[in-house]
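Q: Structure for the following, please:
(one chain, ligands or ions: 2)
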Amino acid sequence: MVIDKNEKILRTEGLKKYFGEVKAVDNVNLEVSEGEILSIIGPNGSGKTTLLNLISNMIEPDSGKVFFYGRDVTKWAPSKLAKMGLVRSFQIVNLFDGMTVMENLKAAVASNLGRIHRPFSSLNKDEEITKRSLEILELFKLSDKAETLAGDVPHGDRKVLDVALCFALNPKLILLDEPTSGVSTSEKKPVMQRIEEAVRKERVTAVIVEHDMDIVFGYSNRVVAMHEGKILAEGKPEDIKENEQVRKIVTGEL
Ligand SMILES: Nc1ncnc2c1ncn2[C@@H]1O[C@H](COP(=O)(O)OP(=O)(O)OP(=O)(O)O)[C@@H](O)[C@H]1O
Ligand SMILES: [Mg+2]
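A: Ligands and ions are numbered 1, 2, ... in the order given. Got it, this is the predicted structure:
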């Protein structure tokens, strides 16, 4: 795919998805610039996950379009989008618990290189796979957990590993759905810091859905607040923080 750097890495145009009476996503026009971390906040049921599902084409929109570097990718299969560099993670982690952290990474890297059909033991002999897996391990500060079974690592590390697996696909744009869900309050910031550092180091653009308003402000370049399927407000973190509507609806203050 030819990448036009003058185009936004992501743009949605009038994206809409209703479930019966529920306007899950209602005419959303979103623009994401290359290199930024954009956070999407909003109360339960405001349409955040549905928006990510529409962008990654896990579900079809009723109407509207998605553009990746200016190209209309609305009808592209998720696997094709991932190959082009648009990768998403889910609200619930998706790991092989019976495999070690390193094996999980190797399997993901191998799959990206189209080598998953080989016997698993041969992955260890594949230098390219090992090299990239080690790189990702370090990037996400998971090296000390390399030989631990994914099912046995603490929840915070599991969430970090889940994002790390997306990096095996060499994303240009990553969509993360609540990367700190289920993580204890005290662990949320360190978990997010590891993810942010990796994202910035690899110069990946990120759209991150996050429930906890407070932690969003630490790492976001821009924040979009959603309410009932619509964009309620968007802007710099400090402006969104002061926005009265956001404080009332999203944080339940005032
Ligand atoms: N497959 C579906 N079928 C019917 N209704 C759905 C479906 N998926 C989502 N909805 C509804 O659409 C609305 C938006 O849901 P969505 O999951 O996108 O919200 P969210 O902002 O991600 O919420 P949360 O913060 O709880 O994760 C909700 O009212 C939800 O019940
Ligand atoms: Mg959600």
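
Q: contacts and neighbour counts: CA atoms only from here.
A: Fine.

Q: Show me which residues of the strand or helix carrying Val191 are buried.
A: Following DSSP states H and E, one finds Val191 within helix 185-201. Buried residues in helix 185-201, counted by 16 or more other CA atoms under 10 Å: 188-189, 191-192, 194-196, 198-199.

Q: Repeat that for stretch 146-161.
A: Buried residues in stretch 146-161, counted by 16+ other CA under 10 Å: 146, 148-150, 153, 155-161.

Q: What separation is there between whichever residue of the stretch 151-254 of the chain sits closest to ligand 1 and Gly85?
A: The stretch 151-254 of the chain approaches ligand 1 most closely through His211 (6.5 Å), counting by CA to the nearest ligand atom. Separation of His211 from Gly85 (CA to CA, to the nearest Å) stands at 25 Å.

Q: Same drill for these two, tell me which one is more crowded.
A: When neighbours are counted by other CA atoms under 10 Å, His211 and Gly85 differ, and His211 comes out ahead with 22 against 18.

Q: Just the element for the more buried one, please.
A: His211 belongs to no helix or strand, assigned by DSSP H and E.

Q: could you pull out the helices for the stretch 101-250 of the chain?
A: Along the stretch 101-250 of the chain, counting by DSSP state H, counting those that start in this stretch, helices occupy 101-112, 127-139, 155-167, 185-201, 213-219, 237-242, 244-249.

Q: contacting residues around the third one?
A: Read it as helix 155-167. Helix 155-167 has contacts (CA atoms under 8 Å, 6 or more residues apart in numbering) with 87-89, 93-95, 101, 104-105, 108-109, 136-137, 140, 142, 150, 174, 176, 179-180, 182-183, 187-188, 191, 194-195.

Q: swap in the first one?
A: Contacts of helix 101-112 from elsewhere in the structure, counted by CA under 8 Å, 6+ apart, are 95-96, 116, 123, 129-130, 132-134, 137, 145-150, 161, 164-165, 168-169.

Q: Can you select the buried ones from these in PyMOL?
A: Buried members of these, defined by 16+ other CA under 10 Å, are picked up in PyMOL with:
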select buried, resi 95+123+129+130+132+133+134+137+145+146+148+149+150+161+164+165+168+169
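
Q: and the most centrally placed residue in the chain, what pLDDT?
A: Note on the chain: the residue nearest the mean C-alpha position is Leu176, at 1.9 Å, using CA atoms, centre = their mean. With respect to pLDDT, Leu176 scores 95.

Q: So what pairs up with it in the strands?
A: Ile208 (DSSP bridges).

Q: Any figure for the gap between it and Lys131?
A: Separation of Leu176 from Lys131 (CA to CA) stands at 25 Å.

Q: now Leu173
A: Noted for Leu173: a distance of 22 Å to Lys131, by CA to CA.

Q: So which bits of the chain are right by ligand 1?
A: Within the chain, the positions near ligand 1 by CA under 6 Å from any ligand atom are 19, 22, 24, 43-50.

Q: Identify the farthest-apart pair in these.
A: Phe19 and Pro43 (17.8 Å; CA to CA).

Q: Can you pick out the residue with more neighbours from these two?
A: In terms of neighbours (other CA under 10 Å), Pro43 is the more surrounded of Phe19 and Pro43; the figures are 18 against 9.

Q: Quick check on the closest residue to that one other than its chain neighbours: phi, psi?
A: Counting by CA to CA, 6 or more residues apart in numbering, Val250 is the residue found nearest to Pro43 once chain neighbours are left out, at 5.4 Å. With angles defined as degrees, to the nearest 10, Val250 sits at phi -80, psi -40.

Q: Per-residue pLDDT of Val250, please?
A: 84.
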